[in-house]
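Visitor: What would the 3D arrangement of this be:
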Amino acid sequence: MGWFDNVIAAVSPRRAYERELWRQGLDGLRGYDAAGFDRVNAGWRVHNESAETTDRHSRDVVRARARDLERNSDITQAILHAYKRNVVGKGYTLRAMTGDDNLDKRIETAWKRWCKARNCDVTGEQSFNEILRMMVERKKVDGGMIVLYRYTPGGVVPFKLQCLEVDELDQTQATPHQRGNRVVGGIEYNIHRRPVGYWIRQYDIEGWQLMDPVYIEAKDVFFYKSKHRPSQIREISDMAPTITRIRDTNEFITAVAIKERIAALVGLVIKKTMPSGGTGRSNWNSKGGQVDYSGKKMTPGMIMELGAGDDVEVVDPKGAATDATAFLKTQQGLIGAGQGLSYEAVSRDMNGATYSSARQNALEDENTYTEEIELLTAFMSEVYENFVISGVLSGLFQMPGFWDHKEEFLDHTWVKTPKKWIDPAKEASADKIALQSGQKTFQDLQAEKGKDWKDAVDELAEVLEYGRKKGIDMGGVIFGTGATAAQQGSNAPGAGEEPGNQEHGGDPGQGGEQPGGGGEQPPADN
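Guide: Numbers count the residues shown, from 1 in each chain. Here you go, the predicted structure:
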């Protein structure tokens, strides 16, 4: 209220009250309910800042709390395992696409060797798939991970990876490597906010920090993180929206466990009728003229003699058992939704789920994983390009004209190992209908199964050819056509004809002309 309203309130509180009500109603018409500061939103005080200003003061605390839940929360581990299973799974298969089949095979073979721990990791401890799984896990918990490209001798090619945590960025560094740049959070940016270098803290083998950080150019660094706002510079934990709910759920589970443990206990209270003290001689075998029950415990089948006049009262703190199932299911559903996952993916609880609902949730979850897969395959492609270039420079690959047609030589694709079917019969039927109706191509189906369609065709041809040689109808087994091996062989050019009769177009399977001059055969009797 302004000074004028205060004057009115001193003269006529009723009029002042009415003016205030009308003013509040007018304010409600002018804006959003979400922007109001009424009773519901009275404690909701917020303001707008850049992403880095918002994240800077919370980043370390959020990361530390996420790591604590990673160590101590089974719900957090369920989320991390779901992402690792579905984003990386059993790994990815490289398909080189240089246009030369022999060169493609050499590159793919060398890549498989390089992916072993001793060839791809500077520490020799993790294979490439293990590094990928760690990257997914660290992004969910820490917000990101840093990978350095190291060109060292040894291995398949002189190229390896070094993994660093985001904590190793030197936030105290303020002087840029190049004049005109700015250093924020250990990352040096140019005037366009493009990272041009990273300042990395140095530690000895026991973890003690050395004085001077090392500057590494951005071309030798891959910062694996997600960017949610244009003004965002550093990472923030992906678990941030669900950390408090996970902790509350863990506290609830602990409280329920303690309550149920107490409810399961049974105790005894001894009621004594004798006075606490006495005079003269006594028949009781304890001090003070009373039976001493201290140290006595209940055991199954126990027999114990009470003192004269003493009684036993059972203490059984039973109460209504807390049904935590519904609450926990709701909490896990909200936690999963906060991470873009279904309840089934987080809890692994399939009770009440039908095939249709499980399939729909799996499809929605797959869309969530696709975002992470895009980030991961971008890193894998950059690593692959460095691998091929290192192979060319070291003489492992002979590629004439590589530097003039580098894009063509570096062309490739990644094939993800497929998942098992939920219902094989329904999945196979759906694939058959999709193929016959043109909704999917043969290439699409084979890609979903993690195979190259050309390899699949070659394998089928090899099986059919081998079946013909052995006289087994593999076509009928594979395609369900019912055609015999002989009929399949008769479709081949010149099959079943004697030498010298092929030019006359003899009937398949006959060694020469039929009696009667080789004319048309009479129709078969019905």
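
Visitor: wait, doesn't L410 sit right on V383?
Guide: No - using C-beta atoms under 8 Å, L410 is not in contact with V383, being 11.8 Å away. Glycine gets a C-beta too; all of them are placed from N, C-alpha and C.

Visitor: Of the two, which one has the most company?
Guide: Between L410 and V383, counted using other C-beta atoms under 10 Å, the more crowded position is V383 (22 against 17).

Visitor: In terms of helices and strands, where is the more buried one?
Guide: Using DSSP states H and E, V383 falls within helix 355-394.

Visitor: helices or strands next to that helix in the packing?
Guide: helix 74-83, strand 92-96, helix 101-114, helix 128-141, strand 144-150, strand 221-225, helix 343-347, strand 412-416 (3 or more C-beta pairs under 8 Å, 6 or more residues apart in numbering; DSSP states H and E).

Visitor: Which parts of the stretch 201-350 of the chain are strands?
Guide: 214-217, 221-225, 267-271, 311-315 (DSSP state E, counting those that start in this stretch).

Visitor: possible to save the helices and strands packed on helix 355-394 as CSV with distance to G180?
Guide: CSV is the format used below for the helices and strands packed on helix 355-394 (distance: least, C-beta to C-beta, whole Å):
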stretch, distance to G180
helix 74-83, 40
strand 92-96, 40
helix 101-114, 39
helix 128-141, 31
strand 144-150, 24
strand 221-225, 20
helix 343-347, 47
strand 412-416, 37
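
Visitor: now the ones you listed as TSV including mean pLDDT, mean neighbour count and distance to A324?
Guide: Shown next, in TSV, are those (pLDDT from 0 to 100; neighbours: other C-beta atoms under 10 Å; distance: least, C-beta to C-beta, whole Å):
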stretch	mean pLDDT	mean neighbour count	distance to A324
helix 74-83	94	19	14
strand 92-96	92	19	40
helix 101-114	94	16	48
helix 128-141	96	21	26
strand 144-150	96	19	35
strand 221-225	96	19	36
helix 343-347	89	20	13
strand 412-416	89	16	38
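
Visitor: Out of those, the one nearest Y203 is which?
Guide: strand 144-150 (14.1 Å; C-beta to C-beta).

Visitor: so after that closest one, what's the next helix or strand?
Guide: From strand 144-150, the next helix or strand downstream (DSSP H and E) is strand 160-164.

Visitor: tell me the most buried of the strands of the stretch 201-350 of the chain?
Guide: Highest mean neighbour count of the strands of the stretch 201-350 of the chain: strand 221-225, a mean of 19 (counted as mean count of other C-beta atoms under 10 Å).

Visitor: mind listing what that strand pairs with, with the direction of each?
Guide: In the sheet, strand 221-225 lines up against strand 144-150 (antiparallel) (DSSP bridges).

Visitor: excluding its backbone neighbours, what's nearest E382?
Guide: F222 (6.2 Å; C-beta to C-beta, 6 or more residues apart in numbering).

Visitor: thinking that neighbour is in contact with I146, fair?
Guide: Yes - shown here, F222 and I146 form a contact pair, counting by C-beta under 8 Å, at 7.5 Å.

Visitor: Which residues outside stretch 37-51 are in contact with it?
Guide: Contacts to stretch 37-51, defined as C-beta atoms under 8 Å, 6 or more residues apart in numbering, come from residues 34, 228-233.

Visitor: show me the contacts for the residue nearest the centre of the chain.
Guide: Closest residue to the average C-alpha location of the chain: Y83 at 1.1 Å, with C-alpha atoms, centre = their mean. Y83 makes contact with 136-137, 140, 369, 372 under the criterion C-beta under 8 Å, 6+ apart.

Visitor: now, which of those residues sits nearest L164?
Guide: E137 (14.7 Å).

Visitor: That closest one: what's it in contact with?
Guide: 80, 83-84.

Visitor: and of those, the nearest to V122?
Guide: So of those, ranked by how close each gets to V122 (C-beta to C-beta), first place is K84, at 22.6 Å.

Visitor: What is the burial count for the closest one?
Guide: Residues near K84, counting by other C-beta under 10 Å: 17.

Visitor: Next, find the distance separating it from Q360.
Guide: As judged by C-beta to C-beta, to the nearest Å, K84 and Q360 stand 23 Å apart.

Visitor: K419 too?
Guide: Taking C-beta to C-beta, one finds K419 at 15 Å from Q360.

Visitor: hmm, back to that, could you dump the contacts of Y83 into JSON lines with distance to N102 added?
Guide: As requested, the contacts of Y83 are exported to JSON lines (distance: C-beta to C-beta, whole Å):
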{"residue": "V136", "distance to N102": "35"}
{"residue": "E137", "distance to N102": "38"}
{"residue": "K140", "distance to N102": "41"}
{"residue": "Y369", "distance to N102": "35"}
{"residue": "E372", "distance to N102": "35"}
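
Visitor: which two in the residues you listed are spaced the farthest apart?
Guide: Largest pairwise distance in these, by C-beta to C-beta, is 14.1 Å, between E137 and Y369.

Visitor: okay, and for the stretch 151-300 of the chain, where does confidence drop off?
Guide: 207, 209, 273-295 (pLDDT under 70).

Visitor: At which residues are the helices of it located?
Guide: For the stretch 151-300 of the chain, the helices defined by DSSP state H, counting those that start in this stretch occupy 243-263.

Visitor: hmm, back to that, hmm, who's touching whichever helix or strand comes after the helix holding V383?
Guide: Going down the chain from helix 355-394, the next helix or strand is helix 406-409, by DSSP H and E. Helix 406-409 is contacted by residues 98-99, 388, 399, 402 when judged by C-beta under 8 Å, 6+ apart.

Visitor: How much space separates F379 from K116?
Guide: Distance, F379 to K116, by C-beta to C-beta: 18 Å.

Visitor: And the two? Which one has more around it.
Guide: F379 (18 against 15).

Visitor: what is the nearest residue to the more buried one once chain neighbours are set aside paired to in the beta sheet?
Guide: Counting by C-beta to C-beta, 6+ apart, the nearest residue to F379 once its immediate chain neighbours are dropped is F222, at 5.5 Å. Beta-bridge partners for F222, by DSSP bridges, are V147.

Visitor: and F222, what does it touch?
Guide: Per C-beta under 8 Å, 6+ apart, neighbours of F222: 146-147, 149, 379, 382-383.

Visitor: The contacts of stretch 37-51, buried ones only, as a ChimeraX selection?
Guide: Of the contacts of stretch 37-51, the buried ones go into a single ChimeraX selection, burial set by 16 or more other C-beta atoms under 10 Å:
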select :232,233
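
Visitor: C-alpha coordinates for stretch 19-38, PDB please?
Guide: Output of stretch 19-38 as PDB, limited to C-alpha atoms (Å, rounded to 0.1, in the frame of the first residue of the first chain):
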ATOM      1  CA  ARG A  19      -9.100  -0.700  -2.800                       C
ATOM      2  CA  GLU A  20      -6.500  -3.300  -1.900                       C
ATOM      3  CA  LEU A  21      -8.700  -6.200  -3.000                       C
ATOM      4  CA  TRP A  22      -9.500  -4.500  -6.300                       C
ATOM      5  CA  ARG A  23      -5.800  -3.800  -6.900                       C
ATOM      6  CA  GLN A  24      -4.900  -7.400  -6.300                       C
ATOM      7  CA  GLY A  25      -7.600  -8.600  -8.600                       C
ATOM      8  CA  LEU A  26      -6.300  -6.200 -11.300                       C
ATOM      9  CA  ASP A  27      -2.800  -7.500 -10.900                       C
ATOM     10  CA  GLY A  28      -4.100 -11.000 -11.300                       C
ATOM     11  CA  LEU A  29      -5.600 -10.100 -14.700                       C
ATOM     12  CA  ARG A  30      -2.400  -8.500 -15.900                       C
ATOM     13  CA  GLY A  31       0.100 -11.400 -15.300                       C
ATOM     14  CA  TYR A  32       0.600 -15.100 -14.700                       C
ATOM     15  CA  ASP A  33      -0.400 -17.000 -11.600                       C
ATOM     16  CA  ALA A  34       3.000 -18.500 -11.600                       C
ATOM     17  CA  ALA A  35       4.500 -15.000 -11.200                       C
ATOM     18  CA  GLY A  36       2.300 -14.000  -8.200                       C
ATOM     19  CA  PHE A  37       3.600 -13.700  -4.600                       C
ATOM     20  CA  ASP A  38       0.300 -14.700  -2.900                       C
END
